[in-house]
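1. Sequence and predicted structure are below.
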Amino acid sequence: QVQLVESGGALVQAGGSLRLSCAASGRTFSNYAMGWFRQAPGKEREFVVGISRSGSMTYYADSVKDRFTISRDNAKNTVYLQMNNLKPEDTAVYYCAAGGRVGRTDSMYNYWGQGTQVTVSS
């Protein structure tokens, strides 16, 4: 079992930045690929970014490429999401997830955090 706890969500103005963190516990963090997903009100959950177990491979949704950066620190059991140039359409609950392989679909991830709210005002 892996427990994931996100933090860092906030209200920010358009053009601003935020860094989300996801702290993992329970099993060897480096054994898991990690992903960030988000869900806006009235919309389905969507993939944002994923990172492989070593951190050598990353995958981004087109909507966040060049604005968001995922990283991980396996020594600290934490994955980060640096979000720059935020837009109102980035407003959502952001979830981190852990799975055996990095991928773009939520079915590839077995463990999920409770989510953190990001609100971007125009």
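-> That came in fine, so what should we check first?
2. Skipping its backbone neighbours, what lies nearest Q39 in space?
-> Across the structure, with C-beta to C-beta, 6 or more residues apart in numbering as the measure, the residue nearest Q39 apart from its sequence neighbours is R45 (4.2 Å). Bear in mind the C-beta positions are built from the backbone N, C-alpha and C, glycine included.
3. Please report how far that neighbour lies from S121.
-> Separation of R45 from S121 (C-beta to C-beta, to the nearest Å) stands at 22 Å.
4. between these two, who's got more neighbours?
-> It is R45, of R45 and S121, that has more neighbours when counted by other C-beta atoms under 10 Å, with 16 against 11.
5. That one: what's it in contact with?
-> Contacts were defined as C-beta atoms under 8 Å, 6 or more residues apart in numbering; by that measure R45 touches 37-39, 95, 106.
6. mind redoing it with 10 Å?
-> Applying C-beta atoms under 10 Å, 6 or more residues apart in numbering, we find R45 in contact with 37-39, 92-93, 95, 97, 106, 112, 115.
7. Please spell out the PyMOL selection for the buried subset of those.
-> Filtering the contacts of R45 down to the buried ones (16 or more other C-beta atoms under 10 Å) takes a single PyMOL command:
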select buried, resi 37+38+92+93+95+97+106+112+115
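8. pLDDT-wise, what's the bottom of the contacts of R45?
-> Least confident entry in those, by pLDDT: D106, with 91.
9. Please name every helix or strand in contact with the helix or strand hosting S21.
-> Secondary structure assigned from DSSP states H and E places S21 in strand 18-25. Helices and strands touching strand 18-25, as assessed by 3 or more C-beta pairs under 10 Å, 6 or more residues apart in numbering; DSSP states H and E, comprise strand 3-7, strand 33-39, strand 68-73, strand 78-83, strand 92-99, strand 116-121.
10. I'd like those strands as JSON lines, with distance to A23 appended.
-> As requested, the helices and strands packed on strand 18-25 are exported to JSON lines (distance: least, C-beta to C-beta, whole Å):
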{"stretch": "strand 3-7", "distance to A23": "5"}
{"stretch": "strand 33-39", "distance to A23": "11"}
{"stretch": "strand 68-73", "distance to A23": "10"}
{"stretch": "strand 78-83", "distance to A23": "5"}
{"stretch": "strand 92-99", "distance to A23": "9"}
{"stretch": "strand 116-121", "distance to A23": "12"}
